[in-house]
Every structure is written in C-alpha cells, then in structure tokens.
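# compute the structure for the input listed below.
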Amino acid sequence: MRKWILPITFVCIISGLLLALQFKIQASQTPTPTEQRNEILVGIINNLENEISTYQERIAEIKAEIETIEDVTASYQDDIKYLQQKVQKAKLQAGLTNVKGRGIRITLDDNKSGLLLAPNDDPNRYIIHYENILNIITELKLGRAEAISVNGQRIVSTSEIRCVGNVILVNTTRLAPPFEIKAIGDPDRLEEILLAGEYDLLKSTGFPVSYEKFTEETPLEIPAYTGTFQFNYTTLN
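Coordinates of the predicted model:
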C-alpha cells in the first residue's frame, strides 16, 4: 500500500500544477475592464478617423466645385461689367443721368422796361417766345453741347418746346421767365456761337439777357430727364 503513496502524491502535485497553469492562462486571456474600455475607445477612434477621411474627401470635391463655379462666375462678371458700361453710356446719351462739367449758363427775361417805355406798342415784341428758346438750343447743339436744360427740364431727342397761348411748355412742363438755359460743352465754342445768333439779337433789341461760363473747377450741373419716352411708329428691328 505504501508503494502507491509516492506515485499518487506525484500525480496530485502534477495535476495541481497543471490546473494552476491552466487558470493562469485563462486569466491572462480574459480582458480586464480597462482593456475592454480601451478596445471600445480604439474602435470609436478608428470609426471617427474613417468618417473624417470621408468628410475630407467630400470637402475637397466641394472646393473643386466652388472653384469651377467661381471661374464661370468670373467670366460672367466681365460680361456683366461690359453690359453695365453699355447701359450707363446709353443712359448718358439718352439724358437719363445727372451730369456736370464745363459749359455755359444763359439767362433770358422779358423786356419789361422796354414795354413801359412803349405802352401802346405790341406787348409780344417785349416778351421771350418759345422760338427764341428753340433757336438758342439749336445753336448750342451746333456748338456741340453734350447736355442742355431749360429751367431744370433736360432736353432730349423727344423734347418738345412749344407755346400754348402765352405759356411756354418744355417736356409738357409749364415754364415762366426768367428762362435759364444750361449747356455742357466747350465754353469758348458755345460762347462764340451764342454771340453770333439769337442771343445777340435779343441783347441788341434791349432784352435783359446774360450768360456765364463754367469751368471744371466750378462745373455746371444738369439734371436727368424725368419724363417718359413714347414711340408710336418705331419698333426694334
């Protein structure tokens, strides 16, 4: 019986060692709470990195699209700027903008003192008629005036200067003396043509007329045309 004690004891010791080793191996393979949390965090970080990479790629695509749009817009901006300049030039030529520059201002008034000296004479000989204004405007145009107004009424291609009874109408607006005619252009040229035409005739017959020249330092200002354009027979071709 004693001869079995030693082998059995040896077997028990070996078995105990094997059980202890197996438990240690299993314990080493089972992750701790800290390790589990770290694994979860690593997974979250990896997912975030993948999402960030995807977003970065999309951002790069959007930037490329924006650059393409900006290039197209830049080309359109040049066209828009050109058209705006054309429109502004057309408005300037049509008299639809306020303007200023060198020029001349003419003042015409009725010859009241002459009428007092000749009360029995025809009073029409002592008042400014629409023909006088029309003739001066025509002469100013011949002098290459670039803009003209009468008592604040801008003269454009469709402007009418006419008389209804004793009332002078410009652009359908009733005007009364004194009449102030403004013209932007070369002051010397306008003065020269002025002194050789209707203005000189009025002055020589006693009308209280005068004029003043304006320079770039003290420019003359002329307002825009505020009426309407009506075309009954003209259409675009």
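
# where exactly do the helices run in this structure?
In the chain, the helices defined using DSSP state H lie at 5-29, 33-94, 112-117, 130-142, 187-194, 198-204.

# below-threshold pLDDT in this structure: ranges please.
Counting by pLDDT under 70, the chain has low-confidence residues at 1-33, 35-39, 41, 44-45, 48, 51-52, 55, 59, 75.

# domains in it, by residue range?
The record's domain parsing of the chain by automatic domain parsing lists 35-94, 99-222.

# got TSV for those domains, with distance to Asn232 and mean neighbour count too?
Bear in mind the C-beta positions are built from the backbone N, C-alpha and C, glycine included. Converted to TSV, those look like this (distance: least, CB to CB, whole Å; neighbours: other CB atoms under 10 Å):
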stretch	distance to Asn232	mean neighbour count
domain 35-94	18	10
domain 99-222	11	16
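
# possible to save the ones you listed as JSON lines with distance to Tyr233?
Shown next, in JSON lines, are those (distance: least, CB to CB, whole Å):
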{"stretch": "domain 35-94", "distance to Tyr233": "19"}
{"stretch": "domain 99-222", "distance to Tyr233": "13"}
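
# buried residues, stretch 221-229. List them.
Ile222, Ala224, Tyr225 (16 or more other CB atoms under 10 Å).

# nearest to Ile181, of those residues?
Nearest to Ile181 among these is Ile222, at 10.4 Å by CB to CB.

# can you pull the contacts of Arg105?
Glu180, Ile181, Lys182, Ala183, Tyr211, Glu212, Phe214, Leu220 (CB atoms under 8 Å, 6 or more residues apart in numbering).

# end to end, how far does stretch 216-227 reach?
In stretch 216-227, first residue to last residue: 28 Å (CA to CA, to the nearest Å).

# chain center to it, what's the gap?
20 Å (CA atoms, centre = their mean, to the nearest Å).
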